[in-house]
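K.L.:
How does the following fold in three dimensions:
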Amino acid sequence: MLKLLESLASSSSTWIELRYHARHSKRLVVRNGRVEETSSSEQTGVGIRAFVDGAFGFASTSDLTRSGISRAADVARSAARAFAVAKRQRIERLARATLARGNFPLETEDPLQDHTLDEKLALIVRLERQVRNEHELVVSSAVSYEEMIDEKAIATSDGAAFTLHSTRPGLRILAVAGKEGKQAYFLETIGVTGGWSDLFRARQPEEQVRRAVRLAVDQLEASAPTGGVAQVILDPDLVSVLAHEAIGHNVEADIVLGGAATADKLNQRVASEKVTLRDSGMSVLKPNAVGLMPVDDEGIPNEGTTIIENGILRSYLHNRETAGHFDVAPTGNARANTYQDEPLVRMTNTYIEPGVTPLEEMVASMADGYLLRGFSQTGQADSNGEFMFGVKEAWRVQDGHQTELVRGVTISGNAFETLLSVDAVGDSFDWEYPAGYCGKGQAAKVDGGGPFIRCRLTIGGSQEGANG
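P.N.:
Below is the predicted model of the structure:
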């Protein structure tokens, strides 16, 4: 396929990008003792962008013959010409860059394809049964597994020509506990880019079941937090959500151009000098990050961008269009979900770099506050950096000791004010972005991570019956 795309790209009279994408997906769900879903899907086709007279045109096709792809390319060029006539402000140029060539295979010793559907379903059934049997107060349970296998071949008229392969499995474990009319839940998520055994390298699923059930049950008896501004320690899970949702979207250059709070803050202080925040298509510091993407969908290598360096905002995230506007090099952050989608500016793996302070030291030197672990999948953030997130697991810290579990915790504030308040950055690191997906018009597999960090923000409670 790559040779065909190269041939078509090299013969084009205008700039053109041809992206073959085949995706194979599976999803298995077992809920309350019943197999609820066993589904699979395939999407295969070519997405084509043409750049003519300062405008893009896009078309896609599932006809993989030379004539089928050529017809779609003609449609893309015609669309570009039509948009160019209608556009008030045309794109001046696409930024130049070193373009990828070659093959970028997935590295794993245990491919998903070597494990049968029956084997995967048997694991999900067994784990869901464990959830139900782990404690007498469990009233509902669900375990789901999903996998996404992607193969891409991309060629552009200005020289990109490469193939890219990835597999991304994920597991979710839900336990709901109930007692005397009260309910609490806990959701554990695991996801990687890699193979079957890579999914369980960091933690075994049986261990995650026990943790989910224990915390669901324990929160039935937990008290509510004391609201107000407090000193807190955020775990890598919450750090990843802060980095992605509250900071990362505000440095995507298309959102910056739309009026994000970061629009006039380059080379200004936006965080404590202890904070360095990066985005990388590579899986740095630890392997198997979900957003692993060494080359983006425009053919630009993504080896990492320093967004915030020791508290100073240094860069936005770019595709070739926004990089041309800002007169900088593209950062390799153009991504499309399927062959039917146009590439957008998107994060890959967004993280805060580790520091030097052990978690135990952070806790020991805290007079009064909270140790917070896990994002509850509820919350929001906006282009001003304002955020509100639910927390899975919250512990009071008093006089340097972790004391009682509290429930229904939310955290809120302004992301940049929160980062300016950071007074300690942990010496460990984990990839922990819990959702594994980002929205922004089309889905994308992403990751986030970091160390534990200590900062100040607003603590609040949520409605009865939720664990955060």
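K.L.:
buried set for the lengthiest helix in the chain?
P.N.:
Across the chain, the longest stretch assigned as helix under DSSP state H is helix 66-86. Neighbour-count burial for helix 66-86, counted by 16 or more other C-beta atoms under 10 Å, picks out Ile69, Ser70, Ala72, Ala73, Val75, Ala76, Arg77, Ala79, Ala80, Phe83, Ala84. Using the backbone N, CA and C atoms, a C-beta is placed for each residue, glycine as well.
K.L.:
Now do the next helix or strand after it, average pLDDT.
P.N.:
Later in the chain than helix 66-86, the nearest helix or strand by DSSP states H and E is strand 101-104. Taken as a whole, strand 101-104 has a mean pLDDT of 97.
K.L.:
Give me the sheet partners of strand 101-104 and which way each runs.
P.N.:
Sheet pairing of strand 101-104 (DSSP bridges) gives strand 161-179 (parallel).
K.L.:
Okay, buried residues for the partner strand please.
P.N.:
161-164, 166-178.
K.L.:
Can you tell me how far the nearest residue to Thr108 once chain neighbours are set aside is from Ile69?
P.N.:
Computed as C-beta to C-beta, 6 or more residues apart in numbering, the closest residue to Thr108 that is not its neighbour in sequence is Gly195, at 3.4 Å. As for Gly195, its distance to Ile69 is 32 Å (criterion: C-beta to C-beta, to the nearest Å).
K.L.:
go on, Asp114?
P.N.:
32 Å.
K.L.:
who touches stretch 265-278?
P.N.:
Residues outside stretch 265-278 that contact it (C-beta atoms under 8 Å, 6 or more residues apart in numbering) are 243, 247, 262, 284, 304-316, 350-353, 355, 416, 419-425, 453.
K.L.:
Likewise for stretch 118-135?
P.N.:
26, 28-33, 35, 38, 138, 141-145, 173-175, 177, 205-206, 209-210, 212-214, 217.
K.L.:
List buried residues within the residues you listed.
P.N.:
Among the contacts of stretch 118-135, those classed as buried by 16+ other C-beta under 10 Å are 26, 28-30, 138, 141-145, 173-175, 177, 205, 209-210, 212-213, 217.
K.L.:
Just those residues: which are in helices?
P.N.:
Using DSSP H, those in helices are Pro205, Val209, Arg210, Ala212, Val213, Val217.
K.L.:
Which pLDDT value belongs to the residue nearest to Lys179 when sequence neighbours are not counted?
P.N.:
Closest residue to Lys179 apart from its sequence neighbours, by C-beta to C-beta, 6+ apart: Leu220 at 5.0 Å. You'll see Leu220 listed with a pLDDT of 94.
K.L.:
can you check Gly465 too?
P.N.:
34.
K.L.:
and if you look at the one 3 residues further on?
P.N.:
The score at Gly468 is 28. That number is its pLDDT.
K.L.:
begin at 35 from here
P.N.:
Okay, residue one is now 35; in that scheme the one you just asked about reads as Gly502.
K.L.:
okay, which residue of the chain is out on the far edge from center?
P.N.:
Glu214 (37.8 Å; C-alpha atoms, centre = their mean).
K.L.:
distance of that one from Asn66?
P.N.:
Using C-beta to C-beta, Glu214 is found at 21 Å from Asn66.
K.L.:
List the buried residues for the helix or strand where Leu157 lies?
P.N.:
Leu157 belongs to helix 151-168 when assigned by DSSP H and E. Going by neighbour count (16+ other C-beta under 10 Å), the buried part of helix 151-168 is Lys154, Leu155, Leu157, Ile158, Val159, Leu161, Glu162, Gln164, Val165, Arg166, Glu168.
K.L.:
Test of understanding: give the bridge partners of Gly204.
P.N.:
Glu180, Gly225.
K.L.:
Might one say that it is in contact with Gly470?
P.N.:
Yes: the pair Gly204 / Gly470 is scored as a contact, 5.6 Å apart, by C-beta atoms under 8 Å.
K.L.:
Does Asp97 touch Val109 like I think?
P.N.:
No: here Asp97 lies out of contact with Val109, judged by C-beta under 8 Å, at a distance of 11.8 Å.
K.L.:
export the buried residues of helix 100-120 to TSV and tack on distance to His435 and pLDDT?
P.N.:
Output for those, formatted as TSV (distance: C-beta to C-beta, whole Å; pLDDT from 0 to 100):
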residue	distance to His435	pLDDT
Ile103	65	98
Ser104	70	98
Ala106	64	98
Ala107	66	98
Val109	66	98
Ala110	63	98
Arg111	67	97
Ala113	64	97
Ala114	64	97
Phe117	63	94
Ala118	66	94
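K.L.:
which residues in this structure form helices?
P.N.:
36-44, 100-120, 151-168, 230-233, 239-252, 270-275, 287-291, 354-360, 393-398, 449-454.
K.L.:
what pLDDT, on average, does the last one get?
P.N.:
If you average the pLDDT over helix 449-454, you get 97.
K.L.:
Any chance you could list what contacts it?
P.N.:
So helix 449-454 is contacted by 276, 280-281, 284, 295, 303-306, 309, 342, 345, 415, 419-421, 489-491 (C-beta under 8 Å, 6+ apart).
K.L.:
same thing but 7 Å
P.N.:
Here helix 449-454 makes contact (C-beta atoms under 7 Å, 6 or more residues apart in numbering) with Leu276, Ala280, Ile281, Val304, Ala305, Ser306, Val309, Gly419, Phe421, Cys489, Leu491.
K.L.:
swap in the fourth one?
P.N.:
Contact with helix 230-233 is made by Thr142, Asp144, Leu146, His149, Pro203, Leu205, Ile224, Val226, Asn322, as judged by C-beta under 7 Å, 6+ apart.
K.L.:
on that earlier part again, save the helices of the chain as TSV, and put in distance to Tyr404 too.
P.N.:
Listed next are the helices of the chain as TSV, based on distance: least, C-beta to C-beta, whole Å:
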stretch	distance to Tyr404
helix 36-44	52
helix 100-120	51
helix 151-168	27
helix 230-233	31
helix 239-252	15
helix 270-275	11
helix 287-291	31
helix 354-360	38
helix 393-398	11
helix 449-454	14
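K.L.:
Relative to Ala264, which of these is closest?
P.N.:
Nearest to Ala264, of all the helices of the chain, is helix 449-454, at 11.9 Å by C-beta to C-beta.
K.L.:
Next, the buried residues of the closest one.
P.N.:
For helix 449-454, the neighbour count (16+ other C-beta under 10 Å) marks Ala449, Phe450, Thr452, Leu453, Leu454 as buried.
K.L.:
No more questions from me, cheers.
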